[in-house]
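>>> predicted structure and sequence below. I'll ask about it afterward.
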Amino acid sequence: CMCLCMCFHNNKPTIITTICVGLWQSASDTNVHILARLAIVHMVHEARGLDVTPNTIKKFERNGDETSAALLRVIYSEEIGHVTSGMRWFRHVAALEHPDKDVIELFHDFVRKHFHGHLKPPFNEDARMQAGFTPEWYEPLVGGKKKE
């Protein structure tokens, strides 16, 4: 996940993105269960990186910052792998711990319980599909409310 990014032009920083406080908070909040961690960190936060990074790359390119754009292209390609791994491990652990529960419903339960907020479109459906993260996993959570 893109948490801290420093790029340099003529030996001076050109962009510094803030540390993703939400990601670190989620990592702390989900330390009680591996399925919660996989759902929130890999399948919510990292998937969000797939949604927003292409436009961020375009902004850097429009402003002549090819160094930052190139760095983000690498990060973006790695995010697809992170989401893919999160999906694979979520399915694996879910099958072991909850063999009678539908894996997508289980994901929805974990997101509603452990994610602060709701999922926000637009989604980069092509990149999410490359990761095996199809719309039935995330569309029902758009504008959803957290379970108490």
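Structure received.
>>> helices along the protein, start to end?
21-29, 34-37, 46-62, 66-97, 103-114, 125-130, 135-138 (DSSP state H).
>>> who's in contact with A69?
I57, F60, E61 (CB atoms under 8 Å, 6 or more residues apart in numbering). No exception for glycine: its C-beta is placed from N, CA and C like everyone else's.
>>> for the first one, list the residues it contacts.
What it means is I57. Contacts of I57 (CB under 8 Å, 6+ apart): A69, L72, R73, Y76.
>>> where does pLDDT dip in the chain?
1-24, 27, 144-148 (pLDDT under 70).
>>> pull the contacting residues for the nearest residue to G86 once chain neighbours are set aside.
Spatial nearest neighbour of G86, chain neighbours left out: H42 (2.5 Å); criterion: CB to CB, 6 or more residues apart in numbering. Residues near H42 by CB under 8 Å, 6+ apart: H82, V83, S85, G86, M87, W89, F90.
>>> just the buried ones from those residues, in ChimeraX syntax?
Listed next is the ChimeraX selection for buried residues among the contacts of H42, using 16 or more other CB atoms under 10 Å:
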select :82,83,86,87,89,90
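>>> now the contacts of H42 as TSV including distance to F133?
Formatted as TSV, those follow (distance: CB to CB, whole Å):
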residue	distance to F133
H82	11
V83	6
S85	11
G86	8
M87	6
W89	13
F90	10
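>>> what separates V83 from T67, distance-wise?
According to CB to CB, to the nearest Å, V83 stands 25 Å off from T67.
>>> please disregard the earlier target; I meant D102.
Distance from D102 to T67, by CB to CB: 45 Å.
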